[in-house]
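S.K.: following is a predicted model, sequence given first.
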Amino acid sequence: MKQIIIRITGKVQGVGFRYTTKVVADQMGVRGIIKNEKDGSLYIEAEGDDTLLDIFEEWCNEGPDRAKIEKVEITPGELKNYRNFEIIKK
């Protein structure tokens, strides 16, 4: 198990990205959080094994149909042992 932090920029808010990502994560068994940032980007903490995270990362580069992704940054994170995948609403 490991954690990665994903920051996605582009047209990623108001297009169902958080909800669709939660559905995909739940289907895959990826755990973590996703939230909108004030700068218009998305912030994700995702936990799982290497193979799952690689597939999840690929999905994040595609996103839902209405999204227009400009950049996806991946950095290693510190494992927090999330129990599920949650949308954080502020």
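M.R.: Nice, I can see it. Numbers count the residues shown, from 1 in each chain.

S.K.: helix, strand or coil for the residue nearest in space to the middle of the chain?
M.R.: Closest residue to the average C-alpha location of the chain: I44 at 4.0 Å, with Cα atoms, centre = their mean. Counting by DSSP: H, G, I helix; E, B strand; the rest coil, the backbone at I44 sits in strand.

S.K.: next one: K80
M.R.: Once three-state DSSP is applied, K80 turns out coil.

S.K.: what sits against it?
M.R.: Shown in contact with K80 (Cβ atoms under 8 Å, 6 or more residues apart in numbering): Q3, E45, E47. Where you see a C-beta, it was placed from the backbone N, CA and C, and this is true even at glycine.

S.K.: try K89
M.R.: K89 is in contact with K35, counting by Cβ under 8 Å, 6+ apart.

S.K.: ok, it to D50 distance?
M.R.: K89 is 30 Å from D50, where distance means Cβ to Cβ, to the nearest Å.

S.K.: repeat for K90
M.R.: The value you get for K90 to D50, if Cβ to Cβ is used, is 31 Å.

S.K.: more crowded one of these two?
M.R.: D50 (10 against 6; other Cβ atoms under 10 Å).

S.K.: sorry, back to before: nearest to I34, of the contacts of K80?
M.R.: Closest approach between the contacts of K80 and I34, by Cβ to Cβ: E45, at 8.1 Å.

S.K.: what about K2, how many residues close to it?
M.R.: K2: 14 surrounding residues under other Cβ under 10 Å.

S.K.: so who does it touch?
M.R.: When contacts are counted by Cβ under 8 Å, 6+ apart, K2 touches E47, G48, D49, D50, L53, P76, L79.

S.K.: isn't R31 up against G48?
M.R.: Yes - between R31 and G48 a contact is recorded at 6.8 Å, counting by Cβ atoms under 8 Å.

S.K.: need the strands for the protein, in chain order.
M.R.: For the chain, applying DSSP state E gives strands covering 2-11, 31-36, 42-48, 68-77, 85-88.

S.K.: tell me the spacing between R31 and I4.
M.R.: Going from R31 to I4 by Cβ to Cβ gives 12 Å.

S.K.: which neighbours do these two share?
M.R.: A46.
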